[in-house]
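> what's the 3D shape of this:
(3 chains)
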Amino acid sequence: MQVGPAVALFLVFLAAPLTVTIGMSLFRTTIFGVDWTLTLANYAKFFSEWLYTDLLLKSLRMAATITVVVILISFPVAFWLAKIVRPGWKITLLLLIFAPYWVSYVIRTYAWMPLLGRTGVVNYVLMSLGIIDAPLDVLLFNEFSVQLVMVYIFLPFGMVPLYLSMDRIDDNLLRAAADLGSTPASIFRHIVLPLSAPGLAGGTITVFVLAIGSYVTPRLVGGPSGIMFGNLIADQFGASFNWSWGATLSIFLVTATLAIVALISSRVSLNRIFLQP
Amino acid sequence: MNATSASLSRNAVGAFGLFAVAVYFFLYAPVVTMVILSFNDSIGIGLPWGGFTTRWYRESFANTLAIGAFFNSVRLAVVVSIVSTTLGLGVALASRRIFKGKALVLNALILPLLIPGIVLAVGQITLFNVMGFLPGLWGATLLGHLVYTVPFAFLNIFPRVHRFDPNIEAAAADLGATPWVVFRTILLPQIMPGLIASLLFCFTLSFDEFTRTLFLIGSENTLPVYFWSIILTDPSPAASAIATLSVLFSLSVIGGGLLLLNLRRRKGDSDATPVGAH
Amino acid sequence: MTASIDGPDLEFSGVTKIFSGRAVVRRVSLTVQPGEFIAVLGPSGSGKSTLLKIAAGFEFPDEGCILLRGKDVTTEPPYRRNVNTVFQSYALFPHMSVADNVAYGLRRKKVPQTEIAHKVKEALALVGLHRFWDNSPTTLSGGEQQRVALARALVNRPAVLLLDEPLSALDLKIRRRMQIELKRIHQEVGTTFLFVTHDQEEALVMADRIVVMREGALEQVGTAREIYDAPVTPFVADFVGELNWLDANASSGAAILSDGAQIKLPEASQHRRGPVRIGFRPEKMRLAPIDAVIGPQDNGVRATITSVTFQGPITTVDLRLTDGMIVRCQSSATDTIELPEKGGTVLCLWQIGSTLVFDASPTEQT
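Purely as a prediction, here's the structure:
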């Protein structure tokens, strides 16, 4: 009885949409609306042109890069917060990591525009210093700017779970290891890394799923070369109005995402990641 | 100093610190810049600096579209946070018992965290369309937000409920408390921090939500959707001002909530008026 | 102090509880008289805690019924039963003060505020914790927490107080002190106590009557003396205290060991014939020089000393009989001064009256 409403909600608004998406992908949208004859034409179309697979692969590559960079930056900071910082400072520094969680990612993406735009702070400073004569356009609207901004946006999602995992590591373990003659590198390899596995896996999954489904950041700072798969899907429901094609693209995106999540969760179980935070 | 410092050289500790400071700078520099530039008396969103002005804020407060969108967002977020916390609490309470399909329910609950938001959003709008419903704030958008926030509500409440010794509830029942009284006087005070955290979390998730909302809301507006329309069409320091106000609002909601949690912890809590003086 | 209504305070009648196809409590019938202190003793998995939960209303029996002061409460939920439980884990409400914890049950009964204050004070004084009135239970030691739990239950004047291994989380010294304390409180308030424990010594020390449970069924009910000196099954004999076991063959009033040695049987077992198991307690045995005379009231067998362990107040001597069986002798230190060293041969003596005789059943061993 206690789970009833939640189950109903999820049946209607999680299971049903996914089912409808699969169903929709089996029809074709024409200028007259949806043609209700079953067909695999959309799937054939996906594989007939390299354009789509290329974009999917590129998006996967970008999401992977973003995830790796986020984790690489998060690890030392989380370790510093959990094991080095003096207790008096800890709360403040933690709150500063958490705070961006509460700021909309649209705003956090937008915040880069006054920085990197044509009339942005970076261009202005470089020009005033005489380093460049005309504003650089390459700062925004390319693949790099998309990745930079997404690393910025998703950093807290990597740092927080890693911190929570590391904070739970008993200090005595580290002392004991050092006492037994371990080098810092081997302490990291044999103690810190395995014990922070749930946080590592949690952070990796969260950042990857958020990055691969991105729509806002590529749209705002991506330009034509920074476009991602999520934008292609969104376009089918906007200007192009080709819902069945959009549904097909959705299925490819969700399949690729879940495959990668499954790969990670084969190492650390999802229950361990999400239910024992 | 801390435990690990003992096993790390001073230089290594310094390097960690320096790196962390750089990361904090990276985290805050863009937003701080945006806030500063929201006071720039110039029509561009970047530099040059044209002098200090509060004009963009005054304009924002006079902007009925923005104000309307803001109140839509707040109302939606309030409803979403209350409903999802209630649903999350239900599942968390149930998850202590064994019931048929428990594993399935828990997995389904995690699933929205593993599926890109845009996939669910387009699926949901397709479903609505197939069923002949129109998109909108209180139908499609509310449901879309709930699917997204209920997992977070559950994850905030579950650890507290899970950690709670069932014998303590048994003891209360044993002392004559009916199930409802046990819930009200024993369980609820104990899991309150989790519930408050869930309310706060779901509130801000919903308040800031954009991609799902964009597809599900139709012709109505929330603050993020309105903000999106102005930065796509007409970015000006006014956008920075609206963004700054929105950030201030989110942070003060969270700050207020944290303060509340802290006060509760200090005050302690009792089941009724304390037992008379002695 | 307890209302003295005629008849028992608590009755289990043919109570059976089945968990996933297995009967964890089997046809238990037991009558508890007003003011009694009853210990339910058994190893883990014997069903003793389930029996207590059934009395409290946390579990409902599949068969049989529970009468509380003559009223059938079999299907009543816990909050409608006039019994209270003291939990092994204390189960204090962590968000309430000590006084609020104790007042909880009275508040549920809508007792007037002034009366609550008075009763809470009285209950805390009873357990010696009146100074801790305003403390949070989380700041108290384990022993103190258990006293709060006791006060919280007793303040409601339950018909029966149920105690679920209340002392097993405490360390040995505090446990000993709490045993005495509990006994005193029981005498002071006169409430009926049903006390579940797996510690046989605790049961012997505290209870008026002991109920030994095994695999869900009652094995024996009796006073401490009866249970200890006259166990009705090898299980009870073995579980309550240590026992030396000898396999023998009975015929005409005596049992013959495989090496031919004779064990005289007590009066009640004279009729036995065929394979039997002989039991006697280590502390009822004395050692004597090999050439000592075996008295008419005594049994005696020869044995070789395999080890002597000094344990402070007692000394344990392990011996091997000539047919290879191992026995143990425990005696207070002074008795063993002139013992031969390890390897020596001695005579083991014990009274015929303290010889226990059971059927030799091949499966019998804990």
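> elements contacting the one helix or strand A:Ala234 maps to?
Secondary structure from DSSP states H and E places A:Ala234 in helix A:229-237. In terms of contacts (3 or more C-beta pairs under 8 Å, 6 or more residues apart in numbering or on different chains; DSSP states H and E), helix A:229-237 is packed against helix A:50-79, helix A:216-221, helix A:243-265, helix B:117-130. Every C-beta, even on glycine, is put in place using the N, C-alpha and C of the backbone.
> quick one, which of those is nearest to C:Leu30?
With C-beta to C-beta, the closest approach to C:Leu30 among the helices and strands packed on helix A:229-237 belongs to helix A:243-265: 52.2 Å.
> tally of neighbours for the residue lying closest to C:Leu218 once chain neighbours are set aside?
Leaving aside its chain neighbours, C:Leu218 sits nearest to C:Val28 (5.7 Å; criterion: C-beta to C-beta, 6 or more residues apart in numbering or on different chains). Residues lying near C:Val28 (other C-beta atoms under 10 Å in any protein chain shown) number 24.
> then C:Val28 would be within a strand, right?
Yes - when classified by DSSP: H, G, I helix; E, B strand; the rest coil, C:Val28 is found to be part of a strand.
> let's verify the residue nearest to C:Ala203 when sequence neighbours are not counted: helix, strand, or coil?
The shortest distance from C:Ala203 to any non-neighbouring residue, by C-beta to C-beta, 6+ apart, is to C:Ala39 (3.8 Å). Classification of C:Ala39 by three-state DSSP places it in strand.
> quick check: A:Leu72 vs C:Met325, distance?
Counting by C-beta to C-beta, to the nearest Å, the gap from A:Leu72 to C:Met325 is 71 Å.
> go on, C:Val155?
From C:Val155 to C:Met325 the distance is 55 Å (C-beta to C-beta).
> what is the burial count for the residue nearest to C:Ala203?
Neighbours of C:Ala39 (other C-beta under 10 Å): 26.
> who has more neighbours out of A:Leu72 and C:Met325?
C:Met325 (18 against 11).
> pull the number of nearby residues for the residue nearest to that one when sequence neighbours are not counted.
Leaving aside its sequence neighbours, C:Met325 sits nearest to C:Leu246 (C-beta to C-beta, 6+ apart; 5.8 Å). Close neighbours of C:Leu246, defined as other C-beta under 10 Å, add up to 21.
> what's the helix or strand encompassing C:Leu246 packed up against?
Taking DSSP H and E as the criterion, C:Leu246 maps to strand C:244-251. In terms of contacts (3+ C-beta pairs under 8 Å, 6+ apart), strand C:244-251 is packed against strand C:254-256, strand C:274-280, strand C:326-332.
> what about 10 Å?
helix C:234-239, strand C:254-256, strand C:262-264, strand C:274-280, strand C:314-321, strand C:326-332, strand C:356-359 (3 or more C-beta pairs under 10 Å, 6 or more residues apart in numbering or on different chains; DSSP states H and E).
> now those as TSV including distance to chain B, mean neighbour count and mean pLDDT?
Below are the helices and strands packed on strand C:244-251 laid out as TSV (distance: least, C-beta to the nearest C-beta, whole Å; neighbours: other C-beta atoms under 10 Å in any protein chain shown; pLDDT from 0 to 100):
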stretch	distance to chain B	mean neighbour count	mean pLDDT
helix C:234-239	27	21	88
strand C:254-256	50	17	83
strand C:262-264	50	18	84
strand C:274-280	39	18	86
strand C:314-321	38	18	85
strand C:326-332	39	18	82
strand C:356-359	39	18	86
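> can you put those in a markdown table and add distance to C:Glu115?
Compiled in a markdown table, those are given as follows (distance: least, C-beta to C-beta, whole Å):
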| stretch | distance to C:Glu115 |
| --- | --- |
| helix C:234-239 | 45 |
| strand C:254-256 | 66 |
| strand C:262-264 | 65 |
| strand C:274-280 | 55 |
| strand C:314-321 | 52 |
| strand C:326-332 | 53 |
| strand C:356-359 | 54 |
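> among these, which is nearest chain A?
Ranking the helices and strands packed on strand C:244-251 by proximity to chain A (C-beta to the nearest C-beta) places strand C:314-321 first, at 38.9 Å.
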